[in-house]
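# Provided below for reference: sequence and predicted model.
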Amino acid sequence: MTSSVQDALQQALALTIQMSDAASDGNWTLVAELDAQRQIPLQHVQNASLDIQHRDTLAALQAYNRAVLERTQQVHDSIEQQLSQHQYNHRALRSYVSSSR
């Protein structure tokens, strides 16, 4: 069982690394597809008892997952800022049009 748990962790790690690369490239469709694929090995690991030998793989998995989440937050913040700027520009334009009548 330990070998299959380690295999599942390695598979989840490989998919998470690919997700991190895709997130860095801004390929969010691929990130979502890879995350769906990653759920299968993660579900396999979910009910397994993990030993000290799994620690390094889990730590790497967490680090790459954290990188994906950080990149997601950066993109979210950027989009939020762009939306705010767009709304500001829209209000300014509306004000300009109203005052020019």
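That came through, no problem.
# all helices for this protein, in order.
2-25, 28-46, 55-99 (DSSP state H).
# just the ones you listed: most buried one?
helix 2-25 (a mean of 18; mean count of other Cβ atoms under 10 Å). Backbone N, C-alpha and C define where each C-beta goes, glycine included.
# tabulate the helices of the chain in a markdown table, adding columns for mean pLDDT.
Formatted as a markdown table, the helices of the chain follow (pLDDT from 0 to 100):
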| stretch | mean pLDDT |
| --- | --- |
| helix 2-25 | 93 |
| helix 28-46 | 95 |
| helix 55-99 | 91 |
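# residues contacting the residue nearest the centre of the chain?
In the chain, the C-alpha nearest the mean C-alpha coordinate belongs to residue 68, at 3.8 Å (Cα atoms, centre = their mean). Residues counted as contacts of residue 68 (Cβ atoms under 8 Å, 6 or more residues apart in numbering) are 16, 19, 20, 23, 31.
# got JSON lines for the residues you listed, with distance to residue 76 too?
As requested, the contacts of residue 68 are arranged in JSON lines below (distance: Cβ to Cβ, whole Å):
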{"residue": "16", "distance to residue 76": "19"}
{"residue": "19", "distance to residue 76": "16"}
{"residue": "20", "distance to residue 76": "16"}
{"residue": "23", "distance to residue 76": "12"}
{"residue": "31", "distance to residue 76": "13"}
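# okay, the residue nearest to the centre of the chain and residue 95: tell me how far apart.
As judged by Cβ to Cβ, to the nearest Å, residue 68 and residue 95 stand 41 Å apart.
# tell me which of the contacts of residue 68 is nearest to residue 51?
residue 16 (20.3 Å; Cβ to Cβ).
# next, the contact list for that closest one, please.
34, 38, 61, 64, 65, 68.
# once you drop chain neighbours, what's closest to it?
residue 64 (4.4 Å; Cβ to Cβ, 6 or more residues apart in numbering).
# from residue 32, how far off is the one you found?
16 Å.
# if we can go back for a sec, is it true that the residue nearest to residue 16 touches residue 13?
Yes. Here residue 64 reaches residue 13: they are 7.0 Å apart, a contact under Cβ atoms under 8 Å.
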